[in-house]
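J.: give me a 3D structure for the following:
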Amino acid sequence: MRPAIHSIDVGTAEFALPEPIHHGPWIIRSRQYALVIVRDRYGNAGWASSLTRGVPLKDVVESILAPIYLGSSPHDASATYRAALASNWAALSWGAGLRALSLVDLASWDLAARQTGEGIAELLGGQSRAMPAVTVAGYPPEVTGASLLAPLEVLTPEALRFIKVPASLSSETTLYRLDAIRNRFPMSEIIIDVNGAFLSAVEAHSASKVWAPLLWLEDPFRPMACLDELALFRGLSNIPIAMGDEHSSAYFPEALLSAGLDVVRLDLTCMGGISRLKSLRSRLDEMESVTVSTHMYPHIHQPVMSALMPNAIVEWGLPGLGIDPLADMLPAPSFDSDGLHFPEAGPGFGEDLPDSVYEVFAQCSLSCIGPS
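T.: Numbering: from 1, shown residues only. The predicted model follows:
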């Protein structure tokens, strides 16, 4: 019998950005992350981390999830996930609760794989392989000229196949940036991340038809109005729409799929972890016309999608631009003719928690639940 979860460490840490990122009224001045580490009594440790988006994930882990997960088997992670949801569905079905549950679930799967010496993909019945990838660039959203293009110049053609950049505050600056990228990298297909800036389908259509052609238009509407506006946009434009990633809700992605979504954006760190993806897999496989793309965290998504959704497109962010400061402290992915992969991957998600990352959280708010 495999050892149970003996203790849980949880904490948060904040990384200041070189300059604020403006997504309309949403101004991001720093990136705050939560870290969850689950350990067995023999020193094996599984871990997961993600952006908190400013919500108190640490409190949820300590007060609601730790009593459920302590003493459970990481090899029964899906059953424990369901038991956690049943114990407090009002708190854990969306928002901060589901984000916290997602991290504990991912850390549990990581521990299970490390106990058996397998990679996550192998534990899930598949094999880790290179996958097509979207490269996120163009941060901060107003940067132009050499500061926009230079970080892309060092990449291989495989890494330049799909490029995603955020929309700027003005449509004119966005178009200027798009033209610069297209002129320099004419073989690349471009994605614009609007981050919920449009208030109506008409507004989205007016801007996006000037930016076309696009591989897809990402998150044009905010969640509270997205279903009606998505349906209206469908009647105005043939530009594919991608939405998801930050939709941490038990109703995701079914509601979006029913409204005619083209690309569903999955983020295991906020939508329910591996256990939730396993329950959604058959539904997504049935949607042959829908593309699946992940949101950031490639060291998590690449091995999981290799096993469970091998046709998905994974995402990673160029280091040093404030896109994902924590990922900048982890080994960078490699690219070959098939796409993104991590060639030195070991058990679990492939990377032991670096001491440098642990120290950042230890200096902030890391605490241990259960025997230390």
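
J.: just for this protein, where's the confidence low?
T.: 224-225, 255, 344, 372 (pLDDT under 70).

J.: tally of neighbours for the residue nearest to Glu142 when sequence neighbours are not counted?
T.: Nearest residue to Glu142 in three dimensions, chain neighbours excluded: Ser168, at 5.4 Å (C-beta to C-beta, 6 or more residues apart in numbering). From N, CA and C alone the C-beta is placed, and that goes for glycine too. Residues contacting Ser168 under the criterion other C-beta atoms under 10 Å number 21.

J.: how close does Ser168 get to Asp110?
T.: Distance, Ser168 to Asp110, using C-beta to C-beta, to the nearest Å: 37 Å.

J.: what about the residue nearest to Glu142, which helix or strand?
T.: Assigned by DSSP states H and E, Ser168 belongs to neither a helix nor a strand.

J.: quick one, what contacts it?
T.: Going by C-beta atoms under 8 Å, 6 or more residues apart in numbering, Ser168 touches 141-142, 174, 177.

J.: same list, those, but as JSON lines with distance to Gln115, neighbour count and secondary structure please.
T.: Shown next, in JSON lines, are the contacts of Ser168 (distance: C-beta to C-beta, whole Å; neighbours: other C-beta atoms under 10 Å; DSSP: H, G, I helix; E, B strand; the rest coil):
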{"residue": "Pro141", "distance to Gln115": "43", "neighbour count": "18", "secondary structure": "coil"}
{"residue": "Glu142", "distance to Gln115": "47", "neighbour count": "18", "secondary structure": "coil"}
{"residue": "Thr174", "distance to Gln115": "48", "neighbour count": "23", "secondary structure": "helix"}
{"residue": "Arg177", "distance to Gln115": "47", "neighbour count": "26", "secondary structure": "helix"}
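
J.: which two of those have the greatest separation?
T.: Greatest spacing in the contacts of Ser168, by C-beta to C-beta: Glu142 and Thr174 (9.8 Å).

J.: okay but Asp324 is in contact with Arg31, surely?
T.: Yes. Counting by C-beta atoms under 8 Å, Asp324 touches Arg31, with 7.4 Å between them.

J.: of those two, give the one with the bigger neighbour count.
T.: Higher neighbour count among Asp324 and Arg31: Asp324, with 24 against 19, using other C-beta under 10 Å.

J.: part of a strand, is the more buried one?
T.: No. According to DSSP: H, G, I helix; E, B strand; the rest coil, Asp324 belongs to no strand; its state is coil.

J.: grab the nearest non-local neighbour of it.
T.: Gly317 is the one closest to Asp324 (C-beta to C-beta, 6+ apart), at 4.6 Å.

J.: pretty sure that neighbour is touching Ala327, no?
T.: Yes. The pair Gly317 / Ala327 is scored as a contact, 6.6 Å apart, by C-beta under 8 Å.

J.: shared neighbours of those two, anything?
T.: Met296.

J.: ok, back up a step: number of nearby residues for the residue nearest to Asp324?
T.: 21.

J.: pairing partners for it in the sheet, please.
T.: Beta-bridge pairing of Gly317 under DSSP bridges involves Val136.

J.: tell me how far it lies from Gly117.
T.: 30 Å.

J.: over to Ala312?
T.: 26 Å.

J.: looking at the two, which one has more neighbours?
T.: Neighbours per residue (other C-beta under 10 Å) separate Ala312 from Gly117, with Ala312 holding more: 21 against 11.

J.: I figured that one was touching Val304, is that so?
T.: No. Applying C-beta under 8 Å, one finds Ala312 not in contact with Val304, separated by 9.2 Å.

J.: could you point out the longest helix in this structure?
T.: Assignment by DSSP state H gives helix 95-116 as the longest helix of the chain.

J.: CA-only coordinates of the helix or strand following that one in PDB, if you can.
T.: Later in the chain than helix 95-116, the nearest helix or strand by DSSP H and E is helix 120-123. Written as PDB, here are the backbone C-alpha positions of helix 120-123 (Å, rounded to 0.1, in the frame of the first residue of the first chain):
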ATOM      1  CA  ILE A 120       2.600  12.200 -14.900                       C
ATOM      2  CA  ALA A 121       1.900  11.200 -18.500                       C
ATOM      3  CA  GLU A 122       2.800   7.500 -17.800                       C
ATOM      4  CA  LEU A 123       0.800   7.500 -14.600                       C
END
